[in-house]
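Peer 1: Everything below, folded, please.
(2 chains)
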Amino acid sequence: MERNEIETIAYLARLELREGEIPAYQKSLSSILDFVGELDRADTAGVAPMAHPLPGLAQALRADEVTEHDERERYQRNAPQAEAGLYLVPKVIE
Amino acid sequence: MSEFSRRSLAELAAGLRAREFSSVELARDALARIEATQPKLNALISITHDLALAQAAAADREIAAGRGAALTGIPLLHKDLFCTQGVRTSCGSRMLDNFVSPYDATVVARLRSQGMVMLGKTNMDEFAMGSSNETSFYGPVRNPWDLRLVPGGSSGGSAAAVAARLAPAATATDTGGSIRQPAALCGVTGIKPTYGRVSRYGMVAFASSLDQGGILTRSAEDAALVLRAMAGFDPRDSTSVDRPVPDYAAALERPVAGLKVGLLKEFFDKGLDPENERLVRAALRVFEQLGAKLEEVSLPNIALSVPAYYVVAPAEASSNLARYDGVRYGYRCTAPRDLGDLYRRTRGEGFGAEVKRRIMTGTYVLSAGYYDAYYLKAQKVRQLIASDFARAFREVDVIMGPTTPTPAFELGAKTADPITMYLNDIYTIGANLAGLPALSVPCGFVGKLPVGLQIIGPHFAEERLLNAAHALQRETDWHRRAPAEFA
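Peer 2: Numbers count the residues shown, from 1 in each chain, chains lettered A, B, ... in the order given. A predicted model of the protein is given here:
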């Protein structure tokens, strides 16, 4: 894998890579992609992709009724920074 | 061994109901063993000492009032992937080191409502990605049979804890083999149920179409008791199957005469250690002696299960782990310059190397231009593998074979190249891709190292698997052996 490909994937995944990590990722990702390239050998003509393992499992639906309660305060106790019910992040818009 | 750690779960339950000892005594004994063994094994991430004693005292009150049930007062460990209200739930990662869960996973709530007593949260490979418990932020877990060796992963802490007699049961999860492989390497019994059998609500997601919660115990009999309490429809998990849960314990004693056992041709290959093979075949002869009929079956596409998995699982992981962004919970990098820097550095610092590698792989195979070649292709191969299994199960009732290619290996032995580590899952991954139930039971020792026999069944055949495992455990005593240092 090329260096710029690694940088693009890291950007898509929002992962900061340190300079020294890039060659290691080039190597390991190339190795993994070679390994999974074995899949090309399979004849999958006319085979439907399997998204999950139980045939016939459909998305379960329920009545459109309110069943949950507002527990924002409890959930926000784990927030790195929260104030007035809002999660704080660095300024996005100037 | 303390008088308690020797007893089976069923024996402990009987002793509690007969008031021979109390749940508080059991909890104190277990907590003492945990404290004493923690420096050597590192099997736990959090020890919930006070909570355990409070839950035990409540269980004792239930028993005294005549309301004790099969699992009331029995000590239990939870893999640190299950959300536990008010208790750290770290998933073995720096990313969630500071995360105290505001709610209980369904599995946790169900077992608590049955009166089980939580002693703590077990160590695991980070976000369940690994086969050796070497990727944990909290350090590796060691195999109680030989402390230089790995216990397997990702549920290494749960397996090591049960093997070392710290608790009679520990919850665990299995996405590519993470219950069965450590069960095999640690000489314990571990079952991964059918996809959809056990609720995934509150079970931190790794690969949503593969993940399944299960249990590690020292016997099929004990597993049957706990699995019954864990399993069942949950409206909060949209992949949960609405199907009644049988009384798994009631089916255990059925004779296995006439059981059609398939031996997978492709699993008895050159990658299988000859000593492992010898022990697995010896266990198969026990089934023959009991009247089971052995025949060879073939799954022509099974060799593609590891490559298919290492496309599908990282793809799903890259999506599931996108939620860890330093905004709402978990780790946040210091002094982020802007939003992008917040995301990138939080994730770059919060995740370990293997997790990042899998996120990168998953992001790549889902990205524009590669989706069809990799992800879609892998999903089609997945269908081929599932069809192979379905065809085999028209001829046989169960498939038996090795759980792992070798016994436990040394810490650090397989960390240089990811593919070497990935190939540990070669026999286990197929069942995850096809959503099939599968378990591992001890079938002997290579020197002092345990070896596991794997039993795979068609969807919802947990009864049949536990029955077969129990039949083996009536004829052999591999499952009763304890590692010398923890006996």
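
Peer 1: C-alpha from now on. contacts and neighbour counts both.
Peer 2: Fine.

Peer 1: Spit out the contact partners of the spatially most central residue of chain A.
Peer 2: Geometric centre of chain A, nearest residue: A:Ala13, 7.3 Å, by Cα atoms, centre = their mean. Residues in contact with A:Ala13 (Cα atoms under 8 Å, 6 or more residues apart in numbering or on different chains) are B:Ser318, B:Ala322, B:Ile359, B:Met360, B:Thr363.

Peer 1: try 7 Å
Peer 2: With contact taken as Cα atoms under 7 Å, 6 or more residues apart in numbering or on different chains, A:Ala13 is in contact with B:Met360, B:Thr363.

Peer 1: One more: the one 3 residues further on?
Peer 2: Counting by Cα under 7 Å, 6+ apart, A:Glu16 makes contact with A:Ala10, B:Arg344, B:Arg345, B:Gly348.

Peer 1: thought the last one was touching A:Leu15?
Peer 2: It refers to B:Gly348. Yes: if you go by Cα atoms under 7 Å, B:Gly348 and A:Leu15 touch, sitting 4.9 Å apart.

Peer 1: out of those two, which sits in the busier spot?
Peer 2: A:Leu15 (24 against 21; other Cα atoms under 10 Å in any protein chain shown).

Peer 1: Please tell me I have it right and the more buried one contacts B:Arg344.
Peer 2: Yes: using Cα under 7 Å, A:Leu15 is in contact with B:Arg344, at 4.5 Å.

Peer 1: I'd say B:Leu111 and B:Ala229 touch.
Peer 2: Yes: counting by Cα under 7 Å, B:Leu111 touches B:Ala229, with 6.4 Å between them.

Peer 1: For the two, indicate the residue with more neighbours.
Peer 2: B:Leu111 (22 against 19).

Peer 1: quick one: average pLDDT of the helix or strand where that one lies?
Peer 2: For B:Leu111, the host element (DSSP states H and E) is helix B:106-113. In this model, helix B:106-113 has a mean pLDDT of 98.

Peer 1: In terms of secondary structure, what does the next helix or strand after that helix contact?
Peer 2: Next along the chain after helix B:106-113, taking DSSP H and E as the criterion, comes strand B:117-122. Using 3 or more Cα pairs under 7 Å, 6 or more residues apart in numbering or on different chains; DSSP states H and E as the contact criterion, the elements in contact with strand B:117-122 are strand B:44-47, helix B:49-64, strand B:75-79.

Peer 1: what does whichever helix or strand comes after strand B:117-122 rub up against?
Peer 2: Going down the chain from strand B:117-122, the next helix or strand is helix B:156-163, by DSSP H and E. Under the contact criterion Cα under 7 Å, 6+ apart, helix B:156-163 has outside partners B:43-44, B:79, B:122-124, B:132-133, B:141, B:143-144, B:151, B:167-172, B:182-183, B:186-188, B:216-218, B:482.

Peer 1: So among the residues you listed, which ones count as buried?
Peer 2: B:43-44, B:79, B:122-124, B:132-133, B:141, B:143-144, B:151, B:167-172, B:182-183, B:186-188, B:216-218, B:482 (16 or more other Cα atoms under 10 Å in any protein chain shown).

Peer 1: got the residues of the stretch 301-450 of chain B near chain A?
Peer 2: Proximity of the stretch 301-450 of chain B to chain A is confined to B:304, B:307-308, B:310-311, B:327-330, B:332, B:336-339, B:343-345, B:347-348, B:360-361, B:363-364, B:376, B:378-383, B:419, B:433-435 under the rule Cα under 7 Å from any Cα of the partner chain.

Peer 1: Helices of chain A, start to end?
Peer 2: For chain A, the helices defined by DSSP state H occupy A:3-12, A:21-36, A:72-75.

Peer 1: so who does the residue nearest the centre of chain B touch?
Peer 2: Nearest residue to the geometric centre of chain B (Cα atoms, centre = their mean): B:Ile179, 2.3 Å. Neighbouring residues of B:Ile179 by Cα under 7 Å, 6+ apart: B:Ser155, B:Ala172, B:Thr173, B:Gly190, B:Ile191, B:Lys192.

Peer 1: Tell me which strands the helix or strand harbouring the fourth one pairs with, and in which orientation.
Peer 2: Using DSSP H and E, B:Gly190 sits within strand B:189-192. According to DSSP bridges, strand B:189-192 forms sheet pairs with strand B:212-217 (antiparallel), strand B:438-446 (antiparallel).

Peer 1: Point out where chain A drops to low pLDDT.
Peer 2: Residue ranges of chain A with pLDDT under 70: A:94.

Peer 1: Could you pick out the residues of it near chain B for me?
Peer 2: Taking Cα under 7 Å from any Cα as the criterion, chain A approaches chain B at residues A:9-10, A:13-17, A:29, A:32, A:35-36, A:38-39, A:44, A:47-54, A:59-60, A:74-75, A:78-80, A:87, A:89-92.

Peer 1: Buried only: go through those residues for me.
Peer 2: The neighbour count (16+ other Cα under 10 Å) marks A:9-10, A:13-17, A:29, A:32, A:36, A:39, A:44, A:49-54, A:78-80, A:89 as buried among these.

Peer 1: which SS class is B:Ala10?
Peer 2: What DSSP: H, G, I helix; E, B strand; the rest coil gives for B:Ala10 is helix.

Peer 1: OK, contacts around B:Cys333?
Peer 2: The contact partners of B:Cys333, taken as Cα under 7 Å, 6+ apart, are B:Leu342, B:Arg345, B:Thr346.

Peer 1: Can you tell me which of the residues you listed has the most neighbours?
Peer 2: Of all the contacts of B:Cys333, the highest neighbour tally under other Cα under 10 Å goes to B:Thr346, namely 25 neighbours.

Peer 1: Can you verify my assumption that that residue contacts B:Tyr324?
Peer 2: No: B:Thr346 is beyond contact range of B:Tyr324, at 8.2 Å (criterion: Cα under 7 Å).

Peer 1: And chain B, split by domain according to the record?
Peer 2: Domain assignment for chain B by automatic domain parsing gives B:9-257, B:305-379.

Peer 1: Would you point to the one among those domains that's packed deepest?
Peer 2: domain B:9-257 (a mean of 24; mean count of other Cα atoms under 10 Å in any protein chain shown).

Peer 1: and the residue nearest to B:Ala69 when sequence neighbours are not counted, what are its phi and psi?
Peer 2: Closest residue to B:Ala69 apart from its sequence neighbours, by Cα to Cα, 6 or more residues apart in numbering or on different chains: B:Gln114 at 7.2 Å. Phi and psi for B:Gln114, reported as degrees, to the nearest 10, are phi -80, psi 0.

Peer 1: likewise B:Glu395?
Peer 2: Per degrees, to the nearest 10, the backbone of B:Glu395 is at phi -100, psi -30.

Peer 1: and it, how far is that from chain A?
Peer 2: From B:Glu395 across to chain A, the span is 20 Å (Cα to the nearest Cα, to the nearest Å).

Peer 1: same check, this time on B:Phe409
Peer 2: Distance from B:Phe409 to chain A, by Cα to the nearest Cα: 22 Å.

Peer 1: Show which residues not belonging to the least confident helix or strand in chain B by mean pLDDT make contact with it.
Peer 2: Ranked by mean pLDDT, DSSP states H and E, the weakest helix or strand in chain B is helix B:418-422, scoring a mean of 81. For helix B:418-422, the external contacting residues (Cα under 7 Å, 6+ apart) are A:Ile32, B:Ser131, B:Lys414, B:Thr415.

Peer 1: and these as CSV, adding distance to B:Ile426?
Peer 2: Shown next, in CSV, are those (distance: Cα to Cα, whole Å):
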residue, distance to B:Ile426
A:Ile32, 15
B:Ser131, 11
B:Lys414, 15
B:Thr415, 17
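
Peer 1: and the two most separated of these?
Peer 2: Pairwise distances across the contacts of helix B:418-422 peak at 16.2 Å for A:Ile32 and B:Ser131 (criterion: Cα to Cα).

Peer 1: If we only consider the contacts of B:Ile179, which is nearest to B:Ala250?
Peer 2: The shortest approach to B:Ala250 among the contacts of B:Ile179 belongs to B:Ile191, at 17.2 Å (Cα to Cα).

Peer 1: from what I can see the closest one touches B:Leu436, true?
Peer 2: No: counting by Cα under 7 Å, B:Leu436 is not a contact partner of B:Ile191; they are 11.0 Å apart.

Peer 1: Appreciated, that's everything.
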